[in-house]
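[1] pasting the structure only:
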């Protein structure tokens, strides 16, 4: 859930011109690759004395293809804090605490990201202990089982909110084959079985925690050459090749679907209305990649046009008629494989769902017919551009952004290309993507209320 | 203080196309204590003019923070939630010549944010915008403060949203936050801090749009304001902001209410929120303390809380004992003052200051069968810290961590501004981080442990729980019956050895001091 919502802010990068990109990263990022495949990126920012040191592993719940084994990418996010022979958990924690570091991690469908923010002076020590745990993670069966309890606790923590149930239902509804059909937390039944799967967990580490599947991102007060010296010395001997499980391909939807959930506690009527959308970037040729990025950019513009606060739909449903208590969308959901264009609403008590769903669809249909206001198109582009400029405040913000782009696209170069496509999005692009993707045949709806279906 | 510029001016400016200000404002309930009601609280004097904190710097993001010393503690009895409704109707409604729709339209291309947040003792209006738009943004921000329209429609929408946030989100979908609010309800029974900022169902139902207009005139006054601005803003803006907020002065303005002391408690007590649908058990515990930021012992208590359970880090004893060694939940933390996490960060919100504070422990949701054991483990850790204290080595480690970690609270210009404003609120003699670091540097294990013993008294512990099986849990807690624990994993011998001490660890809670309240009755009236 953290990851899902973080996308909304971290990836609001979207639309702005290449000039804005240069403003965003005051010093251009530098990217290098070690012979073992490890990618290293530095992004200096004006943050005296503070460094964000992120390690991105391009593995997420997307890679959990074996039946009954959902949730392992996320479980591994926990296991990585269990230490090595050289730095057992206590020593690892004591060391990182001695820097005064903020040390955490998160998992999404596509990536697992280990996040450290610390004094810049600690760079070499951080490289040392991070290189050690990514190469030499070691845990006992008992430590593994204990940690599965913390994962279960995280599920319990999230289970108080209807969000998790709705998210699980939407994922299942929209994906019958692809692994996006299960949540990053995993099914409760799989989480309950985790304590018995210690060997599977070790194999998971060997399969995906490999240098060619990882990217070190250092943002803030960082000197690239000093970073590279430390990284070469500490990660140079790391070996391994990423496993490439065959991710089932989800057929294109031909008929949408809808599901209702009952919630046993006080609940306002809530809904997700989502449409299948393509991957953030796709295609073997440069031309095809560009075309797919243009499509992603145009879909980002649709979020603003259709659901931004000044949009006619928001003003009607939330401000004037007050049938919805909130209405919004995940305007920056970018994923490696085709996923969803997601909108959500919370309604007033006893407000029926159908008129809201119809209003959302009618808005998309109008865009598909080419009803795109030029001034509003410009306003959305300006909004996204300035949204990015005001949201990248800290080294961690910058590192998060880089991690998300790499998670979805595989390389940071896609960022520049995407930004160029965003600047070029036209009214015709908007109409095209609405026509191709935001149709009833591709629409998945989950509703939730207390008691029976409305 | 009464200013000549007057109420009339305030509302003349505010009128526009909106209904005229009511001729009669609701009588203030604290001016008419009825029979048997608590005595009216005295009021503090208003300042002559707003305090101004200007931090012009290189950041391209310009931040405006306008803090009023008026939080939900200013809600009149029977109108709980009025401060939140007032602030949000201002920030989420029309202002000046613009309807809310028009205001949204203006803000949108700038990607500017403009919001109000109410805490127990303060309300902050925050505006953020890129410097390219600072001058265009400022009049909009100003009008929200000095010329809000506060229409019937804006009020109705905000009230519906606040009611949903209270009943559906807090009670229906967020047991952890509910547990924290339940703890404060228990600690501050009969005190203005007892009810949540969102108010109560009854209070929200009774409040009318005229009430929020009147409440605004009374409490969102220049004499209660601290204004702050940071970033690369046009230089004249700081003085303009101070002048404009200073215009919020009228005969209606009243000073902040003095706070009563929280009711004393000499023995542990428990409030269980009975929520049949709860799959897991949420636990918060704590007690009021006399230490706030300006107190000489504040650095010591912050360090003690960090050692016991720094928020969302692994350094704390609670985290190690309950999650790390036993895997009972997702996290376990301790706080030397009220703590609200900012967004997805691990850092506390600035401008959330209070005249009175409490020490607390937060256990993230537990499986029901382990809740009693985990509560015991937490109380035992707290008691051990108070009784045995930290060693010199513990102190050195915690200090080494905290001296750097707390600098991360001040990473952005906006947060630095917020913390400087908080320093002003508390009357601290030095800036937040400098004061903490100096305090920590001067600590010895003896002086730290003496401070812990002076202020932290586990015998006064109040425990708030959200659980489905409330009666059996109440009986178990009060009987001090053993709470055996089993693990999926093989657990080290020393942990099992310690478990033997935890399983029967006496909490000393009398059954009559365990209260059960149905979830639908929480914050109902």
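    Yep, that arrived. The model shown is predicted, which means the values in this text are computed figures rather than measured ones.
[2] which residue ranges form the strands in chain B?
    Applying DSSP state E to chain B gives strands spanning B:51-56, B:61-68, B:113-118, B:123-130, B:225-231, B:269-274, B:281-289, B:332-335, B:357-366, B:462-467, B:514-518.
[3] I'd like to know which of those is closest to residue A:150.
    For the strands of chain B, proximity to residue A:150 was assessed by CB to CB; strand B:357-366 is nearest, at 9.5 Å. C-betas here are computed from N, CA, C, even on glycine.
[4] that closest one to strand B:462-467, inter-axis angle?
    30 degrees (axes from the mean of the first three to the mean of the last three CA atoms, to 10 degrees).
[5] any residue of strand B:357-366 touching chain A?
    Yes - counting by CB under 8 Å from any CB of the partner chain, chain A is contacted by strand B:357-366 at B:364, B:365, B:366.
[6] mind listing what's buried in that strand?
    Across strand B:357-366, burial judged by 16 or more other CB atoms under 10 Å in any protein chain shown covers B:357, B:358, B:359, B:360, B:361, B:362, B:363, B:364, B:365, B:366.
[7] where does the stretch 151-300 of chain B have low pLDDT?
    Scanning the stretch 151-300 of chain B for pLDDT under 70 picks out no residues.
[8] spell out which parts of it neighbour chain A.
    The stretch 151-300 of chain B comes close to chain A at residues B:153, B:156-157, B:160-161, B:164, B:167-168, B:171-176, B:275-280, B:282, as judged by CB under 8 Å from any CB.
[9] out of those, which are buried?
    B:153, B:157, B:160-161, B:164, B:167-168, B:171-176, B:275, B:277-280, B:282.
[10] residue B:376 and residue B:366, how far apart?
    12 Å (CB to CB, to the nearest Å).
[11] next, residue A:43: phi, psi?
    In terms of degrees, to the nearest 10, the main-chain angles of residue A:43 are phi -130, psi 90.
[12] how many other residues sit next to it?
    Using other CB atoms under 10 Å in any protein chain shown, residue A:43 has 26 other residues around it.
[13] which ones are touching it?
    Neighbouring residues of residue A:43 by CB atoms under 8 Å, 6 or more residues apart in numbering or on different chains: A:25, A:27, A:29, A:217, A:218, A:219, A:220, A:222, A:398, A:399, A:402.
[14] buried subset of those as a ChimeraX selection?
    Burial among the contacts of residue A:43 is assessed by 16+ other CB under 10 Å; the matching ChimeraX selection reads:
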select /A:25,29,217,218,219,220,222,398,399,402
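[15] which of the contacts of residue A:43 fall in helices?
    Judged by DSSP state H, helices contain the following of these: A:398, A:399, A:402.
[16] just give the nearest non-adjacent residue to the last one, would you?
    Excluding the flanking residues, the one nearest residue A:402 by CB to CB, 6 or more residues apart in numbering or on different chains is residue A:217, at 5.0 Å.
[17] looking at it, that neighbour is touching residue A:400, isn't it?
    No - in this structure residue A:217 lies outside contact range of residue A:400 using CB atoms under 8 Å: 9.0 Å.
[18] mind listing the shared neighbours of those two?
    Shared contacts of residue A:217 and residue A:400, defined by CB under 8 Å, 6+ apart, comprise residue A:54.
[19] where does pLDDT dip in the chain?
    Since no chain was named, I'll use chain A. Scanning chain A for pLDDT under 70 picks out the ranges A:1-24, A:452-454.
[20] should've been chain B
    For chain B, the stretches flagged by pLDDT under 70 are B:1-40.
[21] quick check, central residue of it?
    residue B:119 (5.0 Å; CA atoms, centre = their mean).
[22] in contact with that one, which residues?
    B:71, B:72, B:197, B:338, B:340, B:351, B:352, B:353, B:354.
[23] what parts of the stretch 1-150 of chain A come near chain B?
    Within the stretch 1-150 of chain A, the residues that sit near chain B (CB under 8 Å from any CB) are A:2, A:5-6, A:9, A:46-47, A:49-50, A:81, A:89, A:93-94, A:97-104, A:117-119, A:141-150.
[24] mind doing that once more with 6 Å?
    Contact residues (CB under 6 Å from any CB of the partner chain) of the stretch 1-150 of chain A with chain B: A:2, A:6, A:93, A:97-98, A:100, A:102, A:117, A:119, A:142, A:145-146, A:149-150.
[25] now, the most widely separated pair of the buried residues of strand B:357-366?
    Taking CB to CB as the measure, the buried residues of strand B:357-366 span a maximum distance of 26.1 Å, between B:357 and B:366.
[26] all helices for the stretch 251-400 of chain A, in order.
    Secondary structure of the stretch 251-400 of chain A (DSSP state H, counting those that start in this stretch): helices located at A:286-307, A:312-314, A:354-368, A:374-391, A:395-409.
[27] deepest in the core, which of these is it.
    Among the helices of the stretch 251-400 of chain A, helix A:395-409 has the highest mean neighbour count (mean count of other CB atoms under 10 Å in any protein chain shown), at a mean of 25.
[28] what angle separates it from helix A:374-391?
    Calculated by the same axes, to 10 degrees, helix A:395-409 forms an angle of 120 degrees with helix A:374-391.
[29] just checking, what packs against helix A:395-409?
    Contacts defined by 3 or more CB pairs under 6 Å, 6 or more residues apart in numbering or on different chains; DSSP states H and E place helix A:395-409 against helix A:2-10, strand A:50-57, strand A:214-220.
[30] quick check: what element follows the second one along the chain?
    Beyond strand A:50-57 in the direction of the C-terminus, DSSP states H and E gives the next helix or strand as helix A:72-79.
[31] can you list the residues of the stretch 201-350 of chain A near chain B?
    A:264, A:265, A:266, A:267, A:268, A:309, A:310, A:315, A:319, A:322, A:325.
[32] mind redoing it with 7 Å?
    Taking CB under 7 Å from any CB of the partner chain as the contact definition, the stretch 201-350 of chain A meets chain B at A:264-268, A:308-310, A:315, A:319, A:322, A:325, A:346, A:348.
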